[in-house]
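Novice: Here's my sequence, what's the structure:
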Amino acid sequence: IDGENAGDENSSYTYLQSNTNLDFGEGISNLTPYNCQPSVGLKRGDPVRLAKSVEEVKPYSNLCGLVALAREENTQDRMDAILEGIKKA
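Specialist: Sure thing, here's the model as predicted:
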C-alpha cells in the first residue's frame, strides 16, 4: 500500500507467495526475535540492529508496521482502540 492510499477504507493488501520478504528494504526495519530467520540467532534482550539483507528476515514478517484489519473490523472505533493499544505498547 503506498502512502497515498494507506488508511483508505478501500485499500487492501495481499501477500504474494514468495520465499523472501517482498516488503524488505535494506536498513529500514529493526530485526527482532520474531521477524528474523533462525539462522540470525537473535534472542530477546540482544542489541537492536537494522536488517541488512532480505535473507535475515522471514518471508511474511511485518517489517514496516502495517496494521491490517478484516473488513468488518475496519471501523473508526476499532481503529481508535487499536491505535491506543499501540501507543501503550
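Novice: Quick check: phi and psi at the residue of the chain positioned farthest from its centre.
Specialist: Most distant from the centre of the chain: D77, at 22.1 Å, with distances by C-alpha atoms, centre = their mean. Per-residue torsions, D77: phi -60, psi -40 (degrees, to the nearest 10).
Novice: quick one: the helices in the protein?
Specialist: Secondary structure of the chain, counting by DSSP state H: helices at 76-88.
Novice: pLDDT wise, what is the residue positioned nearest the centre of the chain at?
Specialist: With distances taken as C-alpha atoms, centre = their mean, the residue of the chain nearest its centroid is N62 (2.2 Å). Looking at N62, its pLDDT reads 85.
Novice: which residues touch it?
Specialist: N35 (C-beta atoms under 8 Å, 6 or more residues apart in numbering). C-beta: built from backbone N, CA, C; applies to glycine.
Novice: now swap in N30 and tell me
Specialist: 48-51.
Novice: Kindly report the same for E56.
Specialist: Contacts of E56 by C-beta under 8 Å, 6+ apart are 31, 36-37, 40.
Novice: give me that answer again for 6 Å
Specialist: By C-beta atoms under 6 Å, 6 or more residues apart in numbering, the contact list for E56 reads 36, 40.
Novice: before we move on, what about V57?
Specialist: Going by C-beta under 6 Å, 6+ apart, V57 touches 21, 35-36, 51.
Novice: quick one: which of those has the most company?
Specialist: Per-residue neighbour counts (other C-beta atoms under 10 Å) across the contacts of V57 peak at A51, which has 24 neighbours.
Novice: Test my guess that that one contacts S29.
Specialist: Yes - using C-beta atoms under 6 Å, A51 is in contact with S29, at 5.1 Å.
Novice: And the contacts of V57, which is closest to K88?
Specialist: K88 has its nearest neighbour among these in N35, at 21.0 Å by C-beta to C-beta.
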